[in-house]
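Peer 1: The sequence isn't on hand, but the structure is:
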């Protein structure tokens with residue numbers, strides 16, 4: 001019977017061979033093209049950059065203590081306790097973003113652009129690819145690199161961070177190359193349109209600055225390498241100087257909020273931060289870490305439950321409590337402690353009287369721009385590198401530029417709600433710069449000063465870069481003074497802090513476990529294994 005069954009199968013294959021070509025021709029039907037032009041692919045790719053990162057930032061923020069939950073449910077506290085939710089894709093969306101949501105679409109954009117001499121699109125495509133792979137390796141460590149889109153391949157080998165970092169730099173080089181070439185056809189109108197380049201409207205000079213920012217941030221991760229002071233720090237400074245000149249050049253994605261499809265993922269409508277509308281207790285609550293930094297804790301002792309601060313960003317970035325007992329005060333919850341803080345406000349702010357939806361606060365508004373990389377972020381990165389080299393005077397200049405830059409960021413991007421907060425005035429900025437919260441000389445400047453201010457500047461949007469900072473300093477309380485040091489008993493994976501996320505559950509743990517096993521990916525404490533970039 002088994003032999004007869006095999007004969008039937010063989011006969012069926014022979015019969016199908018004659019008709020197979022015509023059957024497959026539906027995929028090359030000229031009336032239904034199966035490949036898309038770069039011009040059509042770019043807008044959804046830009047959205048997926050925000051969609052992918054915003055969903056995983058919810059969990060990264062719990063680890064970096066940007067935003068926490070107010071529930072004591074084990075699932076809600078998992079990432080706050082530096083573990084993961086079993087049989088869940090939580091923390092796997094950036095993996096999906098790179099290999100699926102950008103995936104073939106980004107490959108097709110680059111291929112079409114290079115083949116058909118659409119050099120501006122090629123430059124943008126390679127810049128996005130460099131950014132995406134940098135994000136992915138910094139979150140997961142070893143990742144799929146060259147074989148990700150090999151036809152017919154179901155199991156994929158991983159490459160470790162030295163290889164991925166080098167490939168990111170190669171993608172950056174390709175982007176720079178194509179950005180300096182002019183397409184035979186003029187695509188400037190298309191790129192500048194609302195359905196074109198939603199970041200820089202086709203301005204290739206600014207896209208080069210985007211690429212230089214990737215270089216600068218990558219090299220800044222390597223402070224523990226013996227070459228940092230003599231080589232990598234110079235690269236940080238060089239590429240920062242080539243990058244954004246001010247906050248107006250920062251890389252941000254535009255959203256009009258004219259429809260749900262054109263809405264900032266950080267805003268209240270899509271609900272990524274607050275997944276159950278106005279009542280979710282899993283995400284979106286203010287932590288003591290950011291409140292303490294904004295309430296006098298960068299260099300001093302933070303005020304408990306303040307009503308105001310010398311730092312004008314407090315009232316612009318955080319919502320005050322509307323609870324009766326703490327009305328008008330800024331309150332926060334302790335990471336890993338769940339609902340122990342009564343009346344803990346949500347990041348979107350308060351619901352106005354007579355309304356049923358939130359206005360939006362800071363960058364958490366439907367029409368707010370979505371930041372990817374910023375001027376102030378890079379100035380602090382430059383200050384850090386210079387201080388490591390002993391160049392305190394130059395570091396001090398960059399440090400103060402970073403603080404002023406973030407004030408500009410708040411005024412430029414943090415006022416897009418229906419009832420925007422007042423502009424931070426020059427007088428407020430000057431008063432803060434002259435306060436005890438800011439180092440008043442190069443001689444007194446410390447790494448903790450720089451990293452504390454950088455924590456504030458990256459709060460609530462640069463989750464992964466912020467976690468890279470925290471990991472490279474190994475959660476040091478002398479560097480991050482207001483970071484809540486979690487008791488060993490509350491760290492769920494053997495009393496250890498996390499250093500990486502587990503790759504996307506469904507795709508890798510089901511289909512590629514043999515490769516994961518090579519890297520220790522099947523170990524229960526895989527999240528706590530330190531990644532290459534932060535090791536000596």
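Peer 2: Good, I have the coordinates. The structure displayed is predicted, hence computed values, not measured ones.

Peer 1: What is the longest helix anywhere in the chain packed up against?
Peer 2: Across the chain, the longest stretch assigned as helix under DSSP state H is helix 38-64. Counting contacts by 3 or more CB pairs under 8 Å, 6 or more residues apart in numbering; DSSP states H and E, helix 38-64 packs against strand 67-68, helix 93-96, helix 103-115, helix 119-140, strand 251-253, strand 370-373, helix 463-472. Backbone N, C-alpha and C define where each C-beta goes, glycine included.

Peer 1: any idea of the mean pLDDT for the shortest one?
Peer 2: Right, strand 67-68. In this model, strand 67-68 carries a mean pLDDT of 92.

Peer 1: How about the third one?
Peer 2: Per-residue pLDDT values across helix 103-115 average out to 97.

Peer 1: again with the last one
Peer 2: Average pLDDT, helix 463-472: 97.

Peer 1: Kindly calculate the angle that it makes with helix 119-140.
Peer 2: Relative orientation of helix 463-472 versus helix 119-140 (axes from the mean of the first three to the mean of the last three CA atoms, to 10 degrees): 40 degrees.

Peer 1: Work out the gap between helix 463-472 and the centre of the chain.
Peer 2: Here the centre of helix 463-472 is set off from its chain's centre by 10 Å, with CA atoms, centre = their mean, to the nearest Å.

Peer 1: That one to helix 38-64, inter-axis angle?
Peer 2: Using the same axes, to 10 degrees: helix 463-472 against helix 38-64 is 40 degrees.

Peer 1: neighbouring contacts of helix 463-472?
Peer 2: Here helix 463-472 makes contact (CB atoms under 8 Å, 6 or more residues apart in numbering) with 53, 56-57, 60-61, 63-64, 66, 94, 135, 138-139, 217, 221-224, 377, 451, 454-455, 458-459, 480, 483, 499, 530-531, 533-534.

Peer 1: After that helix, which helix or strand is next? Please name it.
Peer 2: helix 510-511 (DSSP states H and E).

Peer 1: who's in contact with residue 361?
Peer 2: Residue 361 neighbours (CB under 8 Å, 6+ apart): 317, 318, 319, 347, 348, 349, 417, 421.

Peer 1: Filter those residues down to the ones in helices?
Peer 2: Using DSSP H, residue 317 are the members of the contacts of residue 361 that sit in helices.

Peer 1: Could you tell me which residues make contact with the residue nearest to residue 191 when sequence neighbours are not counted?
Peer 2: Nearest non-adjacent residue to residue 191, counting by CB to CB, 6 or more residues apart in numbering: residue 202, 2.8 Å away. Residue 202 makes contact with 120, 187, 188, 190, 191, 192, 196 under the criterion CB under 8 Å, 6+ apart.

Peer 1: The last one: neighbour count?
Peer 2: The criterion is other CB atoms under 10 Å. On that basis, residue 196 has 20 neighbouring residues.

Peer 1: That one and residue 40 touch, don't they?
Peer 2: No - counting by CB atoms under 8 Å, residue 196 does not reach residue 40; the two are 10.5 Å apart.

Peer 1: who's in contact with residue 249?
Peer 2: By CB under 8 Å, 6+ apart, the neighbours of residue 249 are 206, 209, 375.

Peer 1: Which ones among the residues you listed lie within helices?
Peer 2: Per DSSP H, the subset of the contacts of residue 249 in helices is 206, 209, 375.

Peer 1: Which of these ranks first by neighbour count?
Peer 2: Highest neighbour count within those, by other CB under 10 Å: residue 375, with 27 neighbours.

Peer 1: What sits closest to that residue if chain neighbours are left out?
Peer 2: Closest residue to residue 375 apart from its sequence neighbours, by CB to CB, 6+ apart: residue 244 at 4.1 Å.

Peer 1: Do you know the pLDDT at that neighbour?
Peer 2: 98.

Peer 1: would you say it is within a helix?
Peer 2: No - according to DSSP: H, G, I helix; E, B strand; the rest coil, residue 244 belongs to no helix; its state is coil.

Peer 1: Hmm, residue 66 is touching residue 288, no?
Peer 2: No - using CB under 8 Å, residue 66 is not in contact with residue 288, being 11.4 Å away.

Peer 1: circling back to that earlier point, ok, which of the helices and strands packed on helix 38-64 comes nearest residue 399?
Peer 2: Taking CB to CB, helix 463-472 is the member of these nearest to residue 399, at 14.8 Å.

Peer 1: so who does the closest residue to residue 435 other than its chain neighbours touch?
Peer 2: In this structure, residue 435 finds its nearest non-sequential neighbour in residue 310, 4.8 Å apart by CB to CB, 6+ apart. By CB under 8 Å, 6+ apart, the residues touching residue 310 are 296, 431, 432, 435, 437.
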